[in-house]
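Student: Here is my input; please provide its structure:
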Amino acid sequence: MTTLHIAKSRDQRAERRPLNLAGRVTWKDARGTTRFASVITRDVSETGIYIEWKESTSIPMYRLVSFQIERDVRTLEGIPPALRSGRVLSAVYRQGKFQRSTGTPEGYGLRLLVEPSARVKAAPEAVEATA
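Tutor: Numbers count the residues shown, from 1 in each chain. The predicted model follows:
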């Protein structure tokens, strides 16, 4: 199942690009044990990423995780600068539909916790103030 989200909707912070890349997610569970999982990205943007999930464990909402794509694909065109440098601190902000076979989500939306990129500032628009 491939999702093509090319245009930016009103609720999105940045344009999504469909991109299937191998990656890894690392997090600590409720007991403090470090967990990791190999994942495939479904789409990426400058501020977030959606990953497909095939594991039997799940990650709680709002959990902080480290995400990284495999080293050999970091130089491909279309990859956001934050993902090129290695591990990126991220937060789980969305869960996909739950799979009957495992009881876990089919994927997770991760918000990349990086500084916003410098945006080109347009000339300020003249505004009339009324009192």
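
Student: Quick check: residue 16 touching residue 43?
Tutor: Yes - counting by CB atoms under 8 Å, residue 16 touches residue 43, with 4.5 Å between them. For every residue, glycine as well, the C-beta is placed using N, CA and C.

Student: Compare these two (neighbour count), which wins?
Tutor: Legend: neighbour count by other CB atoms under 10 Å for residue 16 and residue 43, higher for residue 16 (23 against 20).

Student: and the most centrally placed residue in the chain, what element?
Tutor: For the chain, residue 49 is the residue whose C-alpha lies nearest the centre (CA atoms, centre = their mean; 2.0 Å). If you go by DSSP states H and E, residue 49 is part of strand 48-52.

Student: May I have that strand exported as CSV, CA atoms only?
Tutor: This file holds the C-alpha atoms of strand 48-52, laid out as CSV (Å, rounded to 0.1, in the frame of the first residue of the first chain):
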residue,chain,number,x,y,z
GLY,A,48,8.1,14.7,10.1
ILE,A,49,8.3,11.2,8.9
TYR,A,50,5.8,8.3,8.6
ILE,A,51,7.3,4.8,9.2
GLU,A,52,5.8,1.4,8.5
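
Student: counting contacts, what elements does that strand pack onto?
Tutor: strand 34-44, strand 88-95, strand 107-112 (3 or more CB pairs under 8 Å, 6 or more residues apart in numbering; DSSP states H and E).

Student: Give me the angle between that strand and strand 34-44.
Tutor: Following axes from the mean of the first three to the mean of the last three CA atoms, to 10 degrees, one obtains 110 degrees for the angle between strand 48-52 and strand 34-44.

Student: Pull out the buried residues from strand 48-52.
Tutor: Using 16 or more other CB atoms under 10 Å as the test for burial, strand 48-52 gives 48, 49, 50, 51, 52.

Student: Out of these, which is nearest to residue 37?
Tutor: Nearest to residue 37 out of those is residue 51 (CB to CB; 8.9 Å).

Student: Pairing-wise in the sheet, spell out the partners of the nearest residue to the closest one once chain neighbours are set aside.
Tutor: Closest residue to residue 51 apart from its sequence neighbours, by CB to CB, 6 or more residues apart in numbering: residue 39 at 4.2 Å. For residue 39, the beta-bridge partners under DSSP bridges are residue 23.
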